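K.L.:
next one to model:
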Amino acid sequence: MKKLPSLKNKVIWITGASQGIGRQLALMMARQGGTVIATARSFGNLDRLQNEALDLEGVIIPLPADVTRQDEVTRVAEEIMSRFGQVDIAVLNAGTFIKTAGVDFRSTHMRQHFELNVMGVCHCLDALIPMMVNQQSGTLAINASLAGYRGLPAAAAYGASKAALINMAESLYTDLKPKGVDIKLINPGFVKTPLTDKNTFEMPFLMDAEPAAEAILRGLNGKHFEIRFPKVFGMMMGMLRILPYRAYFGVTGRLNQ
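P.N.:
Sure, this is the predicted structure:
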């Protein structure tokens, strides 16, 4: 298997780093020599993450914040710049999922998803885009989902928030590439995390967080805009994306039975 890329002398900021994909990615990137700033709301989980990385080549530095609070995100970004003077890679990963079946639709669920999944990313972009444009380099990775491709049963709020991220990432790529800033779009399928552990429905092609983190790390070092995994499920969802509505609703109708 191809060796993972070295991240020595790279400053990396990961949000949603206290569990799941974010946690595994933080450890993997520190293992590759990176200086990883880990952000999440949980002080305790971040401290444990830092201790777990003590013997690695790189280092994990916990800087807790609630990404739905722009003032807290600004504070973390200013501290990173004060201490390190740059951010080479940012993985905007914090997110949530609340099952939202149509008969149980609540605007509060939609607001919760957009506050964390979308505005949490936007608060980070407010700080990171001027910084990376000024240094004329950097990679901004936005963690969306294959669920953002098209509307799925019981995912009206989650899917809508991830579709917004996909659209936004596509737009930012075109605008920022000439400025030296690379945008990466991460579209995972089902990954075993504390979030998906709450799901009671069958999750096809469920994968562990460690291979998911490896797929992201390899994708960040690659040339493609989209980092999509697992491969087979990603291809299947990509095919569903181009189906006409009649055929598409025929498929999703069976999923809802």
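K.L.:
so what's residue 43 closest to, chain neighbours aside?
P.N.:
The shortest distance from residue 43 to any non-neighbouring residue, by C-beta to C-beta, 6 or more residues apart in numbering, is to residue 64 (5.3 Å). In short, each C-beta sits where N, CA and C put it, glycine included.
K.L.:
am I right that that neighbour falls within a strand?
P.N.:
No. Secondary structure of residue 64, determined by DSSP: H, G, I helix; E, B strand; the rest coil: coil, with no strand assignment.
K.L.:
how much space between the residue most central in space within the chain and residue 79?
P.N.:
Residue closest to the average C-alpha location in the chain (C-alpha atoms, centre = their mean): residue 143, at 2.4 Å. For residue 143, the distance to residue 79 equals 23 Å [C-beta to C-beta, to the nearest Å].
K.L.:
now the strands for this structure?
P.N.:
11-15, 35-39, 59-62, 89-92, 139-143, 182-188, 191-192, 207-208, 226-229 (DSSP state E).
K.L.:
buried residues, stretch 34-53. List them.
P.N.:
Residues of stretch 34-53 classed as buried by neighbour count (16 or more other C-beta atoms under 10 Å): 34-41, 45-46, 49-50, 53.
K.L.:
residues making contact with it?
P.N.:
Residues outside stretch 34-53 that contact it (C-beta atoms under 8 Å, 6 or more residues apart in numbering): 7-8, 10-19, 22-23, 26-27, 29-31, 58-67, 76, 80, 84, 89, 94.
K.L.:
hey, C-alpha coordinates of it in CSV?
P.N.:
Extracted C-alpha coordinates of stretch 34-53, given in CSV (Å, rounded to 0.1, in the frame of the first residue of the first chain):
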residue,chain,number,x,y,z
GLY,A,34,1.8,17.4,11.5
THR,A,35,1.1,20.1,14.1
VAL,A,36,-2.6,19.5,14.6
ILE,A,37,-4.9,22.0,16.3
ALA,A,38,-7.9,20.1,17.5
THR,A,39,-11.1,22.0,18.1
ALA,A,40,-14.4,20.7,19.6
ARG,A,41,-16.7,21.6,22.4
SER,A,42,-15.5,18.8,24.7
PHE,A,43,-12.6,19.8,26.9
GLY,A,44,-12.2,16.3,28.3
ASN,A,45,-12.1,14.5,25.0
LEU,A,46,-9.6,16.9,23.6
ASP,A,47,-7.3,16.5,26.6
ARG,A,48,-7.4,12.7,26.2
LEU,A,49,-6.7,13.1,22.5
GLN,A,50,-3.7,15.2,23.2
ASN,A,51,-2.3,12.7,25.7
GLU,A,52,-2.8,9.8,23.2
ALA,A,53,-0.6,11.7,20.7
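K.L.:
please look at residue 215 and residue 234 and confirm they touch.
P.N.:
No. Assessed by C-beta atoms under 8 Å, residue 215 is found out of contact with residue 234, at 10.0 Å.
K.L.:
for this protein, which helix is longest?
P.N.:
helix 156-176 (DSSP state H).
K.L.:
buried residues, that helix. List them.
P.N.:
Under 16+ other C-beta under 10 Å, the buried positions of helix 156-176 are 156-166, 168-169, 172-173, 176.
K.L.:
of those residues, closest to residue 193?
P.N.:
Residue 193 lies nearest to residue 158 out of the buried residues of helix 156-176, by C-beta to C-beta, at 13.9 Å.
K.L.:
so the closest one touches residue 100, yeah?
P.N.:
Yes. Between residue 158 and residue 100 there is a contact at 6.7 Å, judged by C-beta under 8 Å.
K.L.:
pLDDT weak spots in the stretch 101-250 of the chain?
P.N.:
The model of the stretch 101-250 of the chain has pLDDT under 70 over residues 195-201, 203.
K.L.:
do a quick rundown of the helices in it.
P.N.:
With helices called from DSSP state H, counting those that start in this stretch, the stretch 101-250 of the chain shows them at 107-113, 119-135, 156-176, 209-220, 231-241, 245-255.
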